[in-house]
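A.B. asks: Okay, here's the prediction I keep looking at, along with the sequence it came from:
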Amino acid sequence: MPIEPVDAQSHARRSLVVMANRLPVRQVQRGQNLTWEWSPGGLVSALAPVLTRSEGVWIGWNGRPGRTSTSFQFEGIENLSVPLRTQEIDDFYNGFSNRTIWPLYHDAVRWPEYHRIWWKPYVEVNRRFAEAAASVAAPKATVWVHDYHFQLVPGMLREMRPDLKIGFFLHIPFPPQELFSQLPWRRQILEGLLGSDVVGFQTRTAAQNFARLARRYTATGGNDRELRHKGRTIVPASFPISIDFQHFDSLARTSAVNARAQHLRRVLGGEGRRIILGVDRLDYTKGIDVRLKAFRELLRSKAVTIEDCVFVQCAVPSREKVVQYADLKRRVEQTVGEINGEFGSVGRVAVHYLHRNLPIEELVALYRLADVMVVTPFRDGMNLIAKEYVASRTENTGVLVLSEFAGAAQELRRALLVNPHDVDGIVSTLERSLRLSQEETRRRMRWLRRVVQKHDVFAWADSFFEALKDG
Ligand code: F6P
């Protein structure tokens, strides 16, 4: 699809502005040509129709170093790409966002690093994005800011444009006081978020953590449901994000996906061999290493053999410049090698490991195929993979093993819940998942599907806009 450049003047009056670190489109190489396509993910599918309807604009970063803003239309959506220089990618994105905030907000499962030389670029980049939003928003427009990269934007934008309705949604967890208090810039971050009218979180606990911290470290009154700050009211609340259920459900019913699933099943050893699946970004919060260890223990216990079952782990490359991610990759690959060395035989491995992005059709074929889906993050804002698996199980079969520390566990209560730090617990839950009766499996999956179908990503976006309208 060709890119139509948009005259900067035409930015002037947008009644809806969405801001996220990534644009909703990404550039891909198709043969000789570089073209744009939609980025995968629920956020884009939920917001694209709203943006088209309201002729809104999506502000984000195009993923490459640059120095100039560019704007273009893609399939009816206006994109405004705000640049990051190479040094800012290091300091703002890899540094403060992904080595300070990311680990701190995920239970400090890796040590959060506090560097003053990362803070300044974080402030500067937030200001640049706030200015971009201020210049394109119409009077009294709605601006919806997403995620931990832009926690200062609501406060900055409120000062530049007090007329705007500002919503903020955090896609990752918001930590309790014991952790958040470590942050040298805790007051600035809280005041930034308090520039919003509605601050949305994945869970009630996260919303409560924020409300309590705001009252403790800033001049804020009110209670957990309604805060008062600088003469304004701010609503902290939970809006658990979801997926486009219908899309996954329909895709899972297509003949192409079913043919692919059947082919993969034959390749993996036929009907008699149960398939355990893990799909994650290769991130240290996801618990990929511990689940592999648990599978090794299960094989060692001889409760199952590799004739009975096989593990397929897809790990999508992520944040490869961050040292902790490179370490994890080495560890996971070593563990896969060790398990296959210990249990595999010629022509038959215990673990299939794919380190790449998979097209959605391939992913859904794997979801269809998997008798057991293992989602074991140490901490996760939501975890949409768990919901995608459920949406793809059109026949109410398949068992979801889910970490109790994923936001999704609050809703998907009929999954087999596990503590991801407890290797023995994962081992016994894996064994249980392989032995669960058909009847119980169906009962659980039917229940889970009803939940995800009802609370899809469209309901999520509607509920946020509704709260913002009232706020
Ligand atoms: O889960 C948080 C999140 O920022 C998502 O919004 C995003 O899809 C994912 O992490 C990948 O992150 P990155 O943009 O750093 O590749």
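C.D. replies: Ah, there it is. Fair warning: this is a prediction, and the values are worked out from it, not measured in the lab.
A.B. asks: Would you mind measuring from residue 70 to the ligand?
C.D. replies: 19 Å (C-beta to the nearest ligand atom, to the nearest Å). Heads up, the C-betas are built off the backbone N, CA and C, glycines and all.
A.B. asks: just use 11 as the starting number from now, easier for me
C.D. replies: Sure, I'll start counting at 11 from here, so that last one is residue 80.
A.B. asks: Any chance of the backbone angles for that residue?
C.D. replies: phi -130, psi 150 (degrees, to the nearest 10).
A.B. asks: Identify the bridge partners of it.
C.D. replies: Beta-bridge partners recorded for residue 80 (DSSP bridges): residue 91.
A.B. asks: The helix or strand encompassing residue 47 packs against which elements?
C.D. replies: Assigning secondary structure by DSSP states H and E places residue 47 in strand 43-48. Packing contacts for strand 43-48, counted by 3 or more C-beta pairs under 8 Å, 6 or more residues apart in numbering; DSSP states H and E, involve strand 35-40.
A.B. asks: got the buried residues for the strand it packs on?
C.D. replies: Using 16 or more other C-beta atoms under 10 Å as the test for burial, strand 35-40 gives residue 35.
A.B. asks: Over to stretch 207-216?
C.D. replies: 207, 208, 209, 210, 211, 212, 213, 215, 216.
A.B. asks: Closest one of these to the ligand?
C.D. replies: residue 212 (9.9 Å; C-beta to the nearest ligand atom).
A.B. asks: Now for that closest one: which residues touch it?
C.D. replies: By C-beta atoms under 8 Å, 6 or more residues apart in numbering, the contact list for residue 212 reads 180, 181, 182, 183, 248, 249, 250, 251, 391, 392, 417.
A.B. asks: go on, residue 382?
C.D. replies: Counted by C-beta under 8 Å, 6+ apart, residue 382 has contacts 284, 285, 286, 287, 408, 409, 411, 440, 443, 444.
A.B. asks: how does it look with 7 Å?
C.D. replies: 284, 286, 409, 411, 443, 444 (C-beta atoms under 7 Å, 6 or more residues apart in numbering).
A.B. asks: Hmm, residue 284 and the last one touching each other?
C.D. replies: This means residue 444. Yes: between residue 444 and residue 284 there is a contact under C-beta atoms under 7 Å: 5.7 Å.
A.B. asks: So for the two, which residues contact both of them?
C.D. replies: With contacts defined as C-beta under 7 Å, 6+ apart, the residues shared by residue 444 and residue 284 are 319, 382.
A.B. asks: and residue 17, what pLDDT?
C.D. replies: Looking at residue 17, its pLDDT is 46.
A.B. asks: Kindly report the same for the one 5 residues further on.
C.D. replies: According to the per-residue confidence, residue 22 scores 56 in pLDDT.
A.B. asks: ok, which residues in the stretch 11-160 of the chain are in contact with the ligand?
C.D. replies: 31, 32, 51, 157 (C-beta under 6 Å from any ligand atom).
A.B. asks: do you know how far the residue nearest to the second one when sequence neighbours are not counted is from residue 93?
C.D. replies: When you say that, I think you mean residue 32. In this structure, residue 32 finds its nearest non-sequential neighbour in residue 70, 5.3 Å apart by C-beta to C-beta, 6 or more residues apart in numbering. Using C-beta to C-beta, to the nearest Å, residue 70 is found at 11 Å from residue 93.
A.B. asks: cool, and residue 71?
C.D. replies: 7 Å.
A.B. asks: same question, residue 416
C.D. replies: 34 Å.
A.B. asks: So which of these two has more stuff around it?
C.D. replies: Set residue 416 next to residue 93 and count neighbours by other C-beta atoms under 10 Å: residue 416 wins out with 31 against 16.
A.B. asks: Can you classify residue 168 by secondary structure?
C.D. replies: helix (DSSP: H, G, I helix; E, B strand; the rest coil).
A.B. asks: Please apply the same query to residue 410.
C.D. replies: strand.
A.B. asks: what sits against residue 28?
C.D. replies: Counting by C-beta under 7 Å, 6+ apart, residue 28 makes contact with 57, 61, 66, 68, 154.
A.B. asks: Okay, and the spatially closest residue to residue 237 that is not a sequence neighbour sits in which element?
C.D. replies: With sequence-adjacent residues excluded and distances taken as C-beta to C-beta, 6+ apart, residue 237 is closest to residue 244, at 4.4 Å. For residue 244, the element it lies in under DSSP H and E is strand 242-248.
A.B. asks: gap between the residue sitting furthest away from the middle of the chain and the ligand?
C.D. replies: Centroid-distance maximum for the chain: residue 356 at 37.6 Å, with C-alpha atoms, centre = their mean. The gap separating residue 356 from the ligand is 38 Å, by C-beta to the nearest ligand atom.
A.B. asks: How about residue 424?
C.D. replies: Taken as C-beta to the nearest ligand atom, the span from residue 424 to the ligand is 24 Å.
A.B. asks: Residue 144 too?
C.D. replies: Counting by C-beta to the nearest ligand atom, the gap from residue 144 to the ligand is 23 Å.
A.B. asks: can you check residue 323 too?
C.D. replies: 18 Å.
A.B. asks: what bridges to that residue?
C.D. replies: Going by DSSP bridges, residue 323 forms beta bridges with residue 288, residue 363.
A.B. asks: contacting residues around it?
C.D. replies: Neighbours of residue 323 in contact, by C-beta under 7 Å, 6+ apart: 288, 298, 361, 363.
A.B. asks: for the stretch 61-210 of the chain, what are the low-confidence residue spans?
C.D. replies: Within the stretch 61-210 of the chain, no range satisfies pLDDT under 70.
A.B. asks: And the stretch 311-460 of the chain, by the same measure?
C.D. replies: Using pLDDT under 70, nothing in the stretch 311-460 of the chain is flagged.
A.B. asks: can you list the residues of it near the ligand?
C.D. replies: 328, 329.
A.B. asks: quick one, strands of the stretch 311-460 of the chain?
C.D. replies: 319-326, 361-365, 382-385, 409-413, 426-428 (DSSP state E, counting those that start in this stretch).
A.B. asks: just the stretch 61-210 of the chain next, same as before
C.D. replies: According to DSSP E, counting those that start in this stretch, the strands that the stretch 61-210 of the chain contains are 67-71, 80-84, 87-91, 147-156, 175-179, 208-211.
A.B. asks: CA atoms only for the shortest one - export them in CSV, please.
C.D. replies: Read it as strand 208-211. The C-alpha trace of strand 208-211 is given here as CSV (Å, rounded to 0.1, in the frame of the first residue of the first chain):
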residue,chain,number,x,y,z
VAL,A,208,-8.4,8.8,33.8
VAL,A,209,-5.4,6.6,34.6
GLY,A,210,-6.1,3.0,33.5
PHE,A,211,-4.4,-0.2,34.7
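A.B. asks: Does anything pack onto that strand? Which helices or strands?
C.D. replies: Applying 3 or more C-beta pairs under 7 Å, 6 or more residues apart in numbering; DSSP states H and E, one finds that strand 208-211 makes contact with strand 175-179, helix 214-227, strand 242-248, helix 467-480.
A.B. asks: so of the ones you listed, which one's packed in deepest?
C.D. replies: Highest mean neighbour count of the helices and strands packed on strand 208-211: strand 175-179, a mean of 24 (counted as mean count of other C-beta atoms under 10 Å).
A.B. asks: Alright, calling it a day.
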